[in-house]
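In: here is a sequence together with a model predicted from it:
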Amino acid sequence: MAKLFFIKNMNCKCCIKLITIILAEHNFNVIHIKLGEIETEITNNEQETLFKNILKKEGFLIIENKDLILIERIKQAVFELIYNMNNSNSIIKKSDYLIEKIGFSYQHMSRLFAKYENTTLEKYIIDHKIAKAKELILTNEYTLSEIAYMMDYSSVQYLSNQFKTVTGLSVTQFKSSATINEIE
């Protein structure tokens, strides 16, 4: 019988590959897998327990609470928007994307997120935007102006200010410390 499981800590394509390989090693028939979800054939309670234990051993947890499932869906949508889409057209507002993707009002998602995650949804989004900006800065492929545009900042100054607030370093200091760490 096919059963759908919602998974916590499944944050990237690498997680999908890892889980697919591990489940295949244990002869699980994966029907469908995407970030945060696995549909597989489970025939009995022992098999379900084995499935959960395999995932738990790798740091993934089964989520059964509907609010926590929604929180994971929000996190995945933020990840997709920032890491996969790069907001390259810079027209999509984060809140509009989340509303369309998740199907709830931004206020509802924000309240729920703060209740369970000990941070606000806005701060979570900002933290991920800055993390992606750090990656882009380290590649030396884009100007700071291009990165600001890609990360949906209205100006380089706004990105720089938020970068310093989140990391405690200016962009220049961050680049210098990264270069020093690479040399050592």
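Out: Cool, got the structure. Residues are numbered from 1 along each chain as shown.
In: could I get the buried residue list for stretch 105-114?
Out: Residues of stretch 105-114 classed as buried under the neighbour-count rule (16 or more other C-beta atoms under 10 Å) are 106, 109-110, 112-113. Placement of C-beta: from N, CA and C, glycine included.
In: which of those fall in helices?
Out: Using DSSP state H to define helices, the subset of the buried residues of stretch 105-114 located there is 106, 109-110, 112-113.
In: reformat the buried residues of stretch 105-114 as JSON lines; add distance to Phe28.
Out: Formatted as JSON lines, those follow (distance: C-beta to C-beta, whole Å):
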{"residue": "Tyr106", "distance to Phe28": "37"}
{"residue": "Met109", "distance to Phe28": "32"}
{"residue": "Ser110", "distance to Phe28": "36"}
{"residue": "Leu112", "distance to Phe28": "31"}
{"residue": "Phe113", "distance to Phe28": "31"}
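In: what strands line up against the top strand by length along the chain, and which way round?
Out: As assigned by DSSP state E, the longest strand anywhere in the chain is strand 2-8. Taking DSSP bridges as the criterion, strand 2-8 sits next to strand 37-41 (antiparallel), strand 61-63 (antiparallel) in its sheet.
In: out of these, nearest to Ile71?
Out: strand 61-63 (8.4 Å; C-beta to C-beta).
In: contacts for the closest one next, please.
Out: Where contact means C-beta atoms under 8 Å, 6 or more residues apart in numbering, the residues beyond strand 61-63 that reach it are 5-9, 52, 55, 69, 72.
In: same question for that strand, mean pLDDT?
Out: Across strand 61-63, pLDDT averages out at 92.
In: can you name the element that comes right after the strand or helix carrying Ile22?
Out: Ile22 is part of helix 13-25, with elements assigned from DSSP states H and E. Toward the C-terminus, helix 13-25 is succeeded by strand 30-34 as the next helix or strand (DSSP H and E).
In: only the buried residues of that next one, if you could.
Out: By neighbour count on 16+ other C-beta under 10 Å, the buried set for strand 30-34 is Ile33.
In: ok, now stretch 33-50?
Out: Within stretch 33-50, the residues that count as buried by 16+ other C-beta under 10 Å are 33, 35-38, 40, 42, 47.
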